[in-house]
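# Below is the structure, and that's it, no one-letter string:
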Ligand code: FAD
Ligand code: NAP
């Protein structure tokens, strides 16, 4: 059941060549517990892997990669909402489409996000003004050190903008096996992002009148028009988080760059990292095997299937340049391994 020296290139969307010293494909809770027992006996670090769309492999992984293939979805109408339960290995986008095709709203803005259910809580996935935490109910996870199962409520998960407890105090301690979401019957469309407004007005449709299915289709059309498909051009989506800066920093930048793209975020301001990178002249640039996508400067691409070091070098160069030009620090969104 445990393989050795397994090629991870087909299992990460940046298509980086790297190996897992040990590798287990798990289809059941029993197999997961066995794999974790193996990692404990050998004192191996564990990397739970879903679709590989938010990782950067900087070398071979010197431990056990557990590829989660747990399957199963159930939807129960409670009268007030639909309780959706999905196993970690289910594909996120397919679940979104399953709900919207049944007229159930709540997940439509999150259509076409690659990856699996089990990874969605890790960074509290979000798009077009909706985040997982808006509809999250709870999750089940296995504690890697003890093999015990534990439930996490929404408050246990400490969701923040592209962040959760699983990237903080419990980093590398749990494997998520199941996620539950509550999709309310009293659904309200979230269509305030300019790209959605623009799409519906171009199609002469009233954005506020659209159902979940139409909104999902709009999101799919917009994303397909500007984001590279990892199957064609390897990438990990947005490479940097949008930086949150103080009001004084925002106003100073806005004075220098009136066209700066930024949005209020509580007491701070969220700057569009893609705008900073584009303004600094990086859009479309290519260095050896890697580069910056020509339509979306926030996406780093790896068309030459270069090693992880080329990707991280480019990311570091961009971050340094943005700091020198704007005084703003960029933080990578995908996790670097090992
Ligand atoms: P992986 O890359 O396999 O893993 C990511 C991290 O989660 C790793 O640290 C891994 O160890 C951990 N992990 C995975 N599964 C589990 C588990 N079951 N238990 C514990 N830890 C686990 N993200 C957004 O938020 N919004 C977007 O709109 C968006 N668009 C994207 C578009 C493109 C083209 C691409 C390539 C990526 C995009 N992403 C987006 C990033 C990515 O798709 C999400 O973060 C997604 O949730 C990652 O899922 P995955 O299964 O591929 O995770
Ligand atoms: P966009 O629509 O061109 O917008 C640029 C940035 O402005 C986005 O990053 C978004 O922040 C912010 N923004 C736009 N309208 C906003 C509003 N009304 N209120 C608050 N913030 C607003 O962005 P895009 O790159 O094409 O992506 C579209 C959506 O998909 C975004 O939500 C983005 O996060 C998501 N996406 C994420 C990834 C990833 O890998 N994480 C990849 C592709 C797309 P937010 O990013 O905070 O929404």
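Done, it's in. What you are looking at is a predicted structure, and each value in this text was computed from that prediction instead of being measured. Ligands and ions are numbered 1, 2, ... in the order given.
# what helix or strand does residue 74 sit in?
If you go by DSSP states H and E, residue 74 is part of strand 73-77.
# Which pLDDT value does the model give the residue of the chain positioned farthest from its centre?
Within the chain, the residue lying farthest from the chain centre (C-alpha atoms, centre = their mean) is residue 255, at 32.6 Å. For residue 255, the model assigns a pLDDT of 98.
# Same question for residue 168.
97.
# do you know how far it is from ligand 1?
13 Å (C-beta to the nearest ligand atom, to the nearest Å). The way it works is simple: take the backbone N, C-alpha and C, and place the C-beta from them, glycine included.
# who in the protein is up against ligand 1?
Within the chain, the positions near ligand 1 by C-beta under 6 Å from any ligand atom are 13, 47-55, 68, 88, 113-116, 118-120, 122-123, 125-127, 174-176, 227, 230, 235-237, 335.
# Which ones among those residues also lie next to ligand 2?
Answer for those near ligand 2 (C-beta under 6 Å from any ligand atom): 126-127, 227, 237.
# So residue 248: helix, strand or coil?
Following DSSP: H, G, I helix; E, B strand; the rest coil, the label given to residue 248 is helix.
# that older thread, list the pairing partners of the next helix or strand after the strand holding residue 74 within its sheet, with orientation.
The C-terminal neighbour of strand 73-77 among helices and strands, as given by DSSP H and E, is strand 81-87. According to DSSP bridges, strand 81-87 forms sheet pairs with strand 73-77 (antiparallel), strand 174-184 (antiparallel).
# Out of those strands, indicate the one that is most buried.
Mean neighbour count (mean count of other C-beta atoms under 10 Å) peaks for strand 174-184 among the strands paired with strand 81-87, with a mean of 21.
# What is the distance between that strand and the centre of its chain?
15 Å (C-alpha atoms, centre = their mean, to the nearest Å).
# Mean confidence (pLDDT) on that strand, please.
Rounded mean pLDDT across strand 174-184 is 98.
# does the following helix or strand past that strand come close to ligand 2?
Using DSSP H and E, the helix or strand that follows strand 174-184 towards the C-terminus is helix 194-202. Yes: remark: helix 194-202 sits within contact range of ligand 2 at 194-195, by C-beta under 6 Å from any ligand atom.
# hang on, the earlier thing: which of the residues of the chain next to ligand 1 count as buried?
Among the residues of the chain next to ligand 1, the ones that count as buried by 16 or more other C-beta atoms under 10 Å are 13, 47-55, 68, 88, 113-116, 118-120, 122-123, 125-127, 174-176, 227, 230, 235-237, 335.
# Now intersect these with the helices, please.
Among these, no member falls in helices (criterion: DSSP state H).
# Identify the bridge partners of the closest residue to ligand 2 within the stretch 1-150 of the chain.
Across the stretch 1-150 of the chain, the shortest distance to ligand 2 (C-beta to the nearest ligand atom) belongs to residue 127, at 3.5 Å. Assessed by DSSP bridges, residue 127 has beta-bridge partners residue 130.
# for it, what are its contacts?
By C-beta atoms under 8 Å, 6 or more residues apart in numbering, the contact set of residue 127 is 109-110, 113, 219.
# what about 10 Å?
109-113, 193, 219, 222-223, 237-238 (C-beta atoms under 10 Å, 6 or more residues apart in numbering).
# coming back round to it: residue 269 is nearest to which of the strands paired with strand 81-87?
strand 174-184 (29.8 Å; C-beta to C-beta).
# Distance-wise, check residue 89 relative to residue 281.
Distance, residue 89 to residue 281, using C-beta to C-beta, to the nearest Å: 41 Å.
# more crowded one of those two?
The neighbour comparison of residue 89 against residue 281 (other C-beta atoms under 10 Å) goes to residue 89, with 20 against 12.
# That one reaches residue 72, doesn't it?
Yes: the pair residue 89 and residue 72 passes the contact test of C-beta atoms under 10 Å, sitting 8.8 Å apart.
# Pull the contacting residues for the residue nearest to residue 83 when sequence neighbours are not counted.
Using C-beta to C-beta, 6 or more residues apart in numbering and skipping residues adjacent in sequence, the residue nearest residue 83 is residue 76, 4.7 Å away. Applying C-beta under 10 Å, 6+ apart, we find residue 76 in contact with 82-85, 180.
# Could you export these as CSV, including distance to residue 30?
Putting the contacts of residue 76 into CSV (distance: C-beta to C-beta, whole Å) gives the following:
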residue, distance to residue 30
82, 29
83, 25
84, 24
85, 19
180, 21
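# can you pull the pLDDT of the residue of the stretch 1-150 of the chain closest to ligand 2?
For residue 127, pLDDT reads 98.
# Then residue 320?
Reading off the model, residue 320 has pLDDT 98.
# out of the ones next to ligand 2 among the residues of the chain next to ligand 1, who's nearest ligand 1?
Distances from ligand 1 to those, taken by C-beta to the nearest ligand atom, are shortest for residue 237, at 2.5 Å.
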